[in-house]
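J.: Give the three-dimensional model of this entry:
(chains A and B)
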Amino acid sequence: MIELWYGILVLMLTAYLILDGWNIGTGVVHYALSSSQEERRLNLRALGPSWSWHEVWLISFGGTLFMAFPTVYASSFGGFYFAFFLVLWSFILRGIAIEVRNMIGDGMWRSVWDALFWLSSTLLALLIGISAGNLLRGVPLDRNGDFTLPFFTDFGVRGAVGLLDWFTIPVGIFTVLALGAHGASYVAVRSHDAFRSRATATARRWWIAVLAALPVITILTGCVRGAFFTHMLATPAAWPGLLLIVGGAVGLVGGLWRADARWLFPGGCAVLAGLCIAAGAAMFPVMLLSTTADGPSLCAWSCAIPHATLGATLVWWGAAAVLVGGYLYFVLRHASQGVDSH
Amino acid sequence: MVNPDIDFWSRVQFGFTVTYHYLFPQLTMGLALFLSLWRLMAWRTGQERYRTAARFWSVLFGLNFVVGVVTGIPMEFQFGTNWGGFSRYAGGVIGQTLAMEGMFAFFFESAFIGAMVFGEKRFSPRTLFLITLAVFAGSWLSGYFILVTNAFMQHPVGYATAADGTLHVADFAAYLLNPWALIEYAHNMTAAVVTAAFVVSSVGAFYALRGIFTEQARTFLDWGTAIGLVASLAIAFPTGDQQAKQVARHQEPALAAMEGQFTSEKGAGMNIIGQPDVAHRRIDNPIYLPGVLSFLASGSFQAEVHGLDAFPEDQWPSNIELLYYAYHVMIGLGTLFILVMALAVAQRLRGRLMTSRRLLWVVMFALPFPYIATSAGWMTAELGRQPWLVYGLFRTIQGQSPLLQSGTVLFTLIGFAGLYFVVGVLYLVLMGRLILLGPAQIHHAGTPELGGHGPLPGGPTHD
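T.: Sure thing, here's the model as predicted:
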């Protein structure tokens, strides 16, 4: 039962990273992809009218984590206090920028919101990556399972660590690159003609950077958390993730070779999903790894609410998940109309 | 470990961010009702004025909705960042409804919002009505899940305590159908309709006074005042009355503090006005209706009402003055709403509303007061719950995140104040602009473009 709920949480976070990831990525490449206000208008338009639907995945992930593992929720949100408030403020700025950018037909007005859209999206991608880096590296838990994170300490990865160090900063940059590449290939499949070629060219450049950075991040992760990869290979639940990474990488290479976004986009989705699933499976059952000697790590087994309640929850959650699948179909169908230049 | 400073600033931060957030959803929920009715009328009667009304308010709805979404995410986060003790203790219960809100309500509502705002050209009137109805159902459902969460904190039911002292849901039906939630929901949603009714009427009054968009002004005023009168009456009776009786049943110290009843007495009067003097345990300069409080609480003018002196001081609400004033502001404004709406409907029935300029000025400037009343109402509910976080089980002071520092909380609170100031100015400027452009402009410019939410229809220039 606990494995199941942990799996559900990993899949919800994966769905969030893929679906809102392309919206965030669109913001990351807002300037890399468009050289004029007209192109930036097209770029924003690729988000579709239901962009806020994808953010619901994060809210529902938070609610589900809160429900199933309240101890992990309390400890991690308290520990990531500043990081999470920066995430919140980025969300607010980003939502406002998307909404109001085209409400006034004035060049300077649009420039301001273009810049804020790019800035808040990039900051959001960076913070998501840094948070992921912190989860991989571990946090300085105390005896009660709580922690605080200063922005940085000595940039080391052991003992009294901070939010930023030589491991989490590269993971953050990698996430900016990956979501940017994902966003560019999303814009490419949704647009036509000259703008599509331009988006495809951007997506190629960014995916090449991601593929080059992936081995570096893998090696760094091996240095920080040695048992991670042996555990990953020994965990059957991680294998579909590894398959997705390999399959997605093949698609990406094919897309790079043919300069075709119809290969790059699904390939990129598969690689991102594979990374989430493999990492999630390899971490289990540890939910918050401790970097200190006196505080034990927080494990799924000891942080979950009673089995009977988790089982009963599955009934309504399963029904809701079917409905969500239906809405997903509706949202994607209406987003697939494509972006043209008039 | 327990630090009253952190408790104070975390409460101020949560109170500020949630009050600000709720300015938007209350209009979203109330307006969703108006939009559904107008889309229904447009479909059944085929009249253009209902389509224009629905189209115009859908665009305003869209802006309002996005601000509601982005200011809502901080609420869920703060349970973890600031109220870790509470999350550990009660996450197994309230996490259920927060997860349900996302899974059942938000996904539902936000899947259709884009189609509702931008789908005019793509869908038939019938489909548009169904889409709008889905947004209405989704937004009202999310309100229900939040109120079940709040009702658990006000009146915990359906839970069990685990070996480590934390709570989890034992009886889903009891938790989801908490009697407190049902009454609170009826009261709260009626209030949301009052807010929307006043906003719609206010814009109608503005157009009528200016002599522009006359047909739309009439539609807004007709629907706004009619629904507004019904909702203003329903908010007092039966929903407000039931809510007060429920507080009397389960939170006696809260009711005593709300009414400024310091000592127990038979035939207790109801204070209309006066200042609570907590040090001397009395109301200074009171004007009161004799026997009325006894009657409202239990149906008899002679019944005994417990004053605060009947309860140990550690169960008294922690800010009696603010609770007393918030409650009286809510009651006073609620009474005025009935008066204003009744006058407007009376003039409407005589066919004179469009020319009653003084009354139209009053209706126009009534705009902020429902927001003040709902904020005061929520302050009454939440200050009345003190000193408990989960009533009778868990004190607010136990709820904080253990390693937080008060300066940290103050820092993020100031950050929110600054950011929300900017968001508020933008919201008002853009809403004002849309209202000035008016329904006809939005009509002529056709459908705004998808995503990034197109150039404003009818705007002065498009580069």
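J.: from here on, contacts and neighbour counts on C-alpha atoms
T.: Fine.
J.: Not including adjacent chain positions, what is the nearest residue to residue 133?
T.: In the absence of a named chain, chain A is used. In space, not counting the residues next to it along the chain, A:Gly133 is nearest to A:Thr168; the distance is 4.5 Å by C-alpha to C-alpha, 6 or more residues apart in numbering or on different chains.
J.: should've been chain B
T.: Ranked by C-alpha to C-alpha, 6+ apart and with sequence neighbours excluded, the top spatial neighbour of B:Leu133 is B:Ser36, at 5.5 Å.
J.: Against B:Gly432, how distant is that neighbour?
T.: For B:Ser36, the distance to B:Gly432 under the criterion C-alpha to C-alpha, to the nearest Å works out to 23 Å.
J.: swap in B:Phe152?
T.: 39 Å.
J.: Mind checking which of those two has more residues around it?
T.: Using other C-alpha atoms under 10 Å in any protein chain shown, the more surrounded residue of B:Phe152 and B:Gly432 is B:Phe152, with 24 against 13.
J.: wait, isn't the more buried one in contact with B:Tyr175?
T.: Yes: counting by C-alpha atoms under 8 Å, B:Phe152 touches B:Tyr175, with 7.5 Å between them.
J.: State the helix or strand in which A:Pro150 lies.
T.: In this structure, A:Pro150 is located outside every helix and strand according to DSSP states H and E.
J.: Least confident secondary structure element in chain B?
T.: Sorting the helices and strands of chain B by mean pLDDT, DSSP states H and E puts helix B:292-298 at the bottom, at a mean of 82.
J.: Any chance you could list what contacts that one?
T.: Judged by C-alpha atoms under 8 Å, 6 or more residues apart in numbering or on different chains, the contacts made with helix B:292-298 from elsewhere in the structure are B:241, B:244-245, B:248, B:266-270, B:300-305.
J.: so after that helix, what's the next helix or strand?
T.: Moving toward the C-terminus from helix B:292-298, the first helix or strand encountered (DSSP H and E) is strand B:304-305.
J.: from the chain's centre, how far out does that following strand sit?
T.: For strand B:304-305, the distance from its own C-alpha centre to the chain's C-alpha centre is 31 Å (C-alpha atoms, centre = their mean, to the nearest Å).
J.: tell me the mean pLDDT for that strand?
T.: The average pLDDT for strand B:304-305 rounds to 86.
J.: Quick check: which helices or strands does that strand pack against?
T.: Contact here means 3 or more C-alpha pairs under 8 Å, 6 or more residues apart in numbering or on different chains; DSSP states H and E; on that basis strand B:304-305 packs against strand B:265-266, helix B:292-298.
J.: check whether stretch B:382-393 contacts chain A.
T.: No: counting by C-alpha under 8 Å from any C-alpha of the partner chain, no contacts exist between stretch B:382-393 and chain A, the nearest distance being 16.0 Å.
J.: any idea of the mean pLDDT in that stretch?
T.: The average pLDDT within stretch B:382-393 is 94.
J.: distance between the ends of that stretch?
T.: The straight-line separation of the ends of stretch B:382-393 (C-alpha to C-alpha) is 16 Å.
J.: Report the buried residues of it.
T.: Residues B:Glu382, B:Leu383, B:Gly384, B:Arg385, B:Gln386, B:Pro387, B:Trp388, B:Leu389, B:Val390, B:Tyr391, B:Gly392 are the ones in stretch B:382-393 that count as buried (16 or more other C-alpha atoms under 10 Å in any protein chain shown).
J.: for stretch B:314-323, same thing?
T.: Neighbour-count burial for stretch B:314-323, with 16+ other C-alpha under 10 Å as criterion, is recorded at B:Gln315, B:Trp316, B:Pro317, B:Ser318, B:Ile320, B:Glu321, B:Leu322, B:Leu323.
J.: Report the secondary structure state of the nearest residue to the second one once chain neighbours are set aside.
T.: What it means is B:Trp316. In this structure, B:Trp316 finds its nearest non-sequential neighbour in B:Pro253, 5.9 Å apart by C-alpha to C-alpha, 6+ apart. B:Pro253 falls in the helix class when you classify it by DSSP: H, G, I helix; E, B strand; the rest coil.
J.: do B:Leu233 as well
T.: Here B:Leu233 takes the helix state, with states given by three-state DSSP.
J.: ok, it - how many residues close by?
T.: B:Leu233 is flanked by 21 other residues according to other C-alpha under 10 Å.
J.: what's the answer for B:Ile414, then?
T.: Using other C-alpha under 10 Å as the criterion, B:Ile414 is surrounded by 12 other residues.
J.: Identify the residues contacting residue 310.
T.: Picked chain A for this. For A:Leu310, the contacting residues are A:Met1, A:Ile2, A:Ala68, taking C-alpha under 8 Å, 6+ apart as the criterion.
J.: Actually, chain B is the one I wanted.
T.: Contact criterion C-alpha under 8 Å, 6+ apart gives B:Thr263, B:Ser264 as the residues in contact with B:Ala310.
J.: From chain A, how far out is it?
T.: Look at B:Ala310 and chain A: by C-alpha to the nearest C-alpha, to the nearest Å, they are 37 Å apart.
J.: Just the pLDDT for that residue.
T.: Predicted confidence (pLDDT) at B:Ala310: the value is 90.
J.: before we move on, back to that, so which of the helices and strands packed on strand B:304-305 comes closest to B:Met354?
T.: Ranking those by distance to B:Met354, with C-alpha to C-alpha as the measure, places helix B:292-298 first at 38.4 Å.
J.: For the closest one, output the C-alpha coordinates as PDB.
T.: Coordinates of each C-alpha in helix B:292-298 appear next as PDB, following Å, rounded to 0.1, in the frame of the first residue of the first chain:
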ATOM      1  CA  VAL B 292     -32.900  39.300  21.800                       C
ATOM      2  CA  LEU B 293     -29.700  37.300  22.300                       C
ATOM      3  CA  SER B 294     -31.500  34.800  24.400                       C
ATOM      4  CA  PHE B 295     -34.100  34.500  21.700                       C
ATOM      5  CA  LEU B 296     -31.600  34.100  18.900                       C
ATOM      6  CA  ALA B 297     -29.500  31.500  20.700                       C
ATOM      7  CA  SER B 298     -32.300  29.300  21.900                       C
END
